[in-house]
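Engineer: Requesting a structural model of the entry that follows:
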Amino acid sequence: MKILLPVDGSPSSSRAVRHVIRHWAAEGTVSLVLLHVDPPLIERVARYLSTEDLARFHEDRAKAAARPARNALRKAGVPFEERHEVGDPALRIIGLAARLRCDLIAMGSHGRGAFLSAVLGSVVMKVLSHSKVPVLVVR
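Structural biologist: Residues are numbered from 1 along each chain as shown. Below you'll find the predicted structure:
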């Protein structure tokens with residue numbers, strides 16, 4: 001089974017990581033892809049940074065966001081591939097899951113409720129509504 005595990009460094013994504021470790025790591029047949037998607041900087045800010053500085057900014061954020069998941073997976077002895085992308089998180093998650101032919105997307109939900117998700121927009125809601133790959137939401 002190939003599982004895409006998007007993380008953002010939050011407690012909810014850490015819960016999703018623990019859930020995947022508990023339920024699939026023991027099987028030894030799981031292939032995990034750890035993904036962090038960093039939203040692009042607004043143009044008014046990005047234009048003042050060099051290409052190298054912008055790349056370093058996104059790479060630093062990705063490493064920090066993925067650190068708790070990376071540590072938990074290593075501690076559990078679960079092999080994984082790590083990827084970092086910049087763009088719209090929901091679209092990148094959906095696209096990568098399709099390209100890699102994942103069997104499942106497992107992600108954490110912040111659990112803000114329907115009203116705030118509708119007002120603020122929710123990566124989980126977008127992934128749920130547009131992904132052709134099954135999605136497991138861990139709260």
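
Engineer: what is the rounded mean pLDDT of stretch 90-107?
Structural biologist: Mean pLDDT, stretch 90-107: 98.

Engineer: after the host helix or strand of V37 comes which helix or strand?
Structural biologist: Using DSSP states H and E, V37 maps to strand 31-38. Downstream of strand 31-38, the next assigned helix or strand under DSSP H and E is helix 43-46.

Engineer: Alpha carbons of that next one, as CSV, please.
Structural biologist: Extracted as CSV, the C-alpha positions of helix 43-46 are listed here (Å, rounded to 0.1, in the frame of the first residue of the first chain):
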residue,chain,number,x,y,z
GLU,A,43,4.3,38.7,-4.8
ARG,A,44,4.9,41.9,-2.9
VAL,A,45,7.3,40.1,-0.6
ALA,A,46,8.8,37.5,-3.0
